[in-house]
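Visitor: Quick one, fold the following:
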Amino acid sequence: MKNLLLLDIKSQLSRCTVVLLGIACSLAFNVQAQNQTLVLAGGALSTCSSSTPKNCQNSAQIKGKAHNLFKVTDAKISKIAQYWPSGNNDKKLATINALNTIKIQKTVPMTKKSLLWLWRDINNTSLSSLSVGEYNFVFDMLEIFQPNISQLNSAERLKEQVNTDLNNQSATNNILQFVSGSLKVNNAEPTMLVVTASSRDPYEAADLAQALFQSHINTHWLALTPALVHAITNNSCDKLAILRNTQMKIYNREAIYPDRIQAELSLCEKGIDALVSLIKHSTGVMFNDGDAALANRVLFEQNDRPYPWTEALQSRPVIVGVGAGTVVQNKIVSEYTTTSLSALRESTNNSHAGGLGSFNFGVLDTQFSEQNRTFRLAMAIDKSQAKNIKAEVQHGFGIDENTALVVIKSPEGNLMTVIGKSGVVHLANQINNQPKGKHYSYSYWPTGSVIDITNNAFTLSERTISQALPAIKIPSLPVQRFGAILTNSKLRSLTQAMCLSQEQSAVAQQDEFIISLTATRSTSYHRISAKELGCAVINLDLAVSTF
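Guide: Numbering: from 1, shown residues only. Sure thing, here's the model as predicted:
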């Protein structure tokens, strides 16, 4: 029998995930038994802010920064010509000529969209020919500072503002409230540090990331950027401005985000010990969405050795990942191919050791069902051994958008639950793979599911099963081969239909691939909730072959 304390944790979590009906869960279980809580979101959370009114109830307009602004002036053109980041003088000359024309036609600040349209009309060839580095350089240099004119001191920067009370996605608030509750369980007055290193411009991303919890939790931006990492480890804080150019390929940030630049300098000058101490005295840390490879740059040196602060980040009582910030929690990192279809065709696995390692149960992927990433995750766990570590990659976890996989670690054991909007896919390699095609065990855990973890096996808890709704009678699926299965979330839709109809098998197709879904003796279906995606699929055989 499991320790009674773990059962109590499960009981509390089950109530939290089922009762997270728009209210904050108290999470009132014994904090001493909880070592760590991971809240791993499957993508950027749909948040009502001044820049995203589409995420606000009734498209409400929130006061604050709505977008970046750009202006073409003689001074900016001169600097672009002087500091052009490549040796291609033809592209530089074409850019300067286009900007001189734009300067005459548009004398007031404009959005990036407006600037792009104007440039395309003038000389689309010059714009299209720019490399990614040249393109980013030009727009960094053209961006202008936006003062907060509502304040008496106009030197204050206009910031993006968030109003979570007006979120039109209740799933987002459920996740945010769960995080807040977890933090407060660990500390009556918790502090949250926000790392935005996944963004190309971490200074720009800081406003939104910091504002997510600021109204309820003492939240601070941790200026852990590649420039700071290089400067603080080489005693060269006076060279931060240059390092932002050379290490991060971003420019002109001191003119746009002077407060963030000052915070970066201050953190650097305090030294490594102070940085580690700051992290150790925080209750939680959040990693934002963007590019996981960028985030890894502030966690590990080029030889994969962790920096002095990496362990402190890894050991926070509460760790939140959003999109790429979720992927960076992996112990095993996969260099994903773009799509499931290309992954099937290439049939490659580029798994290797890396990432923060707070999640050590397998490989994580995000925006999962919406982007049809089942088979790129399957390829990542396909009987291959990750480089640099002596372990096979057996399990994959795909988290849907506006959904979070929660992992509770304690001395008595670990468990998972799913909160938010949709669900989480669990893929596992079949132990006795059949000779024809590749077979995987496919499970879909909807919001409200609690998952027991025993000996690296993941099972839907008896409590969740006992609280499931009665099965409903719906017509059987038509006898046909379902086409274009790897588009428009169709695979998730098909497995949900199989679950609701108690279907035993289905066949689908994507180009040259046949995908078969078959119920076995270990397969079961459970209606966790009456929501559209509320049916739990457990251990469905998923096979892929060609014809």
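Visitor: what residue ranges in this protein score low on pLDDT?
Guide: Scanning the chain for pLDDT under 70 picks out 1-34, 151-154, 333-337, 348-354, 383-392, 431-436.
Visitor: switch to 80 and redo it
Guide: 1-34, 150-155, 215, 332-338, 347-354, 382-393, 431-437, 547 (pLDDT under 80).
Visitor: Next up, phi/psi of the one residue sitting closest to the centre of it, please.
Guide: The residue lying closest to the centre of the chain (Cα atoms, centre = their mean) is Gly323, at 0.7 Å. Here is the backbone geometry of Gly323 (degrees, to the nearest 10): phi 60, psi -120.
Visitor: In space, what's closest to it - neighbours in sequence excluded?
Guide: Distance criterion Cβ to Cβ, 6 or more residues apart in numbering; nearest residue to Gly323, sequence neighbours excluded, is Asp289 at 3.0 Å. Any C-beta I mention is one placed from the backbone N, CA and C, and that applies to glycine too.
Visitor: what about the one you found, distance to Phe513?
Guide: 30 Å (Cβ to Cβ, to the nearest Å).
Visitor: any idea how far Ile514 is from Leu405?
Guide: For Leu405, the distance to Ile514 - Cβ to Cβ - is 30 Å.
Visitor: Name the SS class of the closest residue to Gln161 other than its chain neighbours, please.
Guide: Closest residue to Gln161 apart from its sequence neighbours, by Cβ to Cβ, 6+ apart: Gly64 at 3.1 Å. Classification of Gly64 using DSSP: H, G, I helix; E, B strand; the rest coil returns coil.
Visitor: for Gly64, what are its contacts?
Guide: 49-51, 158-161 (Cβ atoms under 8 Å, 6 or more residues apart in numbering).
Visitor: Could you rerun that using 10 Å?
Guide: 49-51, 148, 150, 158-163, 207, 211 (Cβ atoms under 10 Å, 6 or more residues apart in numbering).
Visitor: Same check on Ala188?
Guide: Per Cβ under 10 Å, 6+ apart, neighbours of Ala188: Thr283.
Visitor: Surely it is within a helix?
Guide: No - Ala188 is assigned coil when assessed by three-state DSSP, not a helix.
Visitor: separation between it and Ser180?
Guide: For Ala188, the distance to Ser180 - Cβ to Cβ - is 13 Å.
Visitor: Could you tell me how many residues sit around Leu166?
Guide: 17 (other Cβ atoms under 10 Å).
Visitor: err, Phe139, not the other one
Guide: Phe139 has 17 nearby residues by other Cβ under 10 Å.
Visitor: Would you agree it is in contact with Val72?
Guide: No - using Cβ atoms under 10 Å, Phe139 is not in contact with Val72; the gap is 11.0 Å.
Visitor: which residues do the two both contact?
Guide: By Cβ under 10 Å, 6+ apart, the residues touching both Phe139 and Val72 are Leu115.
Visitor: quick one: contacts for Leu294?
Guide: 196-200, 202, 225-226, 248, 324, 328.
Visitor: Closest to Gln314 out of the residues you listed?
Guide: Ranked by distance to Gln314 (Cβ to Cβ), the contacts of Leu294 are led by Val328 at 10.8 Å.
Visitor: Backbone torsions only: list them for the residue nearest to Gln161.
Guide: phi 140, psi -170.
Visitor: can you check the one 10 residues further on too?
Guide: When read as degrees, to the nearest 10, the backbone of Asp74 gives phi -60, psi -40.
Visitor: Could you report the neighbour count for it?
Guide: For Asp74, using other Cβ under 10 Å, the count is 10.
Visitor: Tell me how far it lies from Leu166.
Guide: 42 Å.
Visitor: again with Asn173
Guide: From Asn173 to Leu166 the distance is 10 Å (Cβ to Cβ).
Visitor: Also Ile399?
Guide: Distance from Ile399 to Leu166, by Cβ to Cβ: 25 Å.
Visitor: before we move on, what about Met141?
Guide: 35 Å.
Visitor: surely Arg492 meets Glu401?
Guide: No - between Arg492 and Glu401 there is no contact under Cβ under 10 Å: 11.4 Å.
Visitor: so what's in contact with those two at the same time?
Guide: By Cβ under 10 Å, 6+ apart, the residues touching both Arg492 and Glu401 are 368-370, 422.
Visitor: Make JSON lines from the residues you listed and add secondary structure to it.
Guide: Output for the shared contacts of Arg492 and Glu401, formatted as JSON lines (three-state DSSP):
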{"residue": "Phe368", "secondary structure": "coil"}
{"residue": "Ser369", "secondary structure": "coil"}
{"residue": "Glu370", "secondary structure": "coil"}
{"residue": "Ser422", "secondary structure": "coil"}
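Visitor: ok, the residues you listed vs Leu130, which is closest?
Guide: Glu370 (30.7 Å).
Visitor: quick one: contacts for that closest one?
Guide: Per Cβ under 10 Å, 6+ apart, neighbours of Glu370: 42-43, 400-403, 422, 488-489, 492.
Visitor: Nothing else from me, thank you.
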